[in-house]
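**Q** Generate a structure from the sequence data that follows.
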Amino acid sequence: PEAARRLERVLTVDPGMGVVRHVDAGYERAIEVARERGVKIPMMG
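**A** Numbers count the residues shown, from 1 in each chain. Sure, this is the predicted structure:
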């Protein structure tokens, strides 16, 4: 149970941070994906 919870968190947060970094770099596709999936990124506005 604990290991599954931790694994889920890592597999969610790590790719999410990749999207955040790409949005911050100005990649249009990353911005589109973030908007489509409701990812809240402060620098995106």
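
**Q** contacts, neighbours, all on C-alpha from now
**A** Will do.

**Q** Kindly check the end-to-end length of stretch 30-45 for me.
**A** The first residue of stretch 30-45 is 14 Å away from its last residue (Cα to Cα, to the nearest Å).

**Q** quick thing: my sequence starts at 300, can you match it?
**A** Sure thing, new numbering starts at 300, so read that last one as stretch 329-344.

**Q** Tell me the buried residues in stretch 312-323?
**A** Under the neighbour-count criterion of 16 or more other Cα atoms under 10 Å, stretch 312-323 has 318-319, 321-322 buried.

**Q** and what of stretch 329-344?
**A** 329-330, 333.

**Q** ok, residues contacting that stretch?
**A** With contacts defined as Cα atoms under 8 Å, 6 or more residues apart in numbering, stretch 329-344 is touched by 318-319, 321-323.

**Q** Those residues in helices, which ones?
**A** Among the contacts of stretch 329-344, the members falling in helices (DSSP state H) are 318-319, 321-323.

**Q** Dump those to CSV, plus distance to residue 306 and pLDDT.
**A** Shown next, in CSV, are the ones in helices among the contacts of stretch 329-344 (distance: Cα to Cα, whole Å; pLDDT from 0 to 100):
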residue, distance to residue 306, pLDDT
318, 19, 88
319, 20, 90
321, 23, 94
322, 25, 94
323, 26, 93
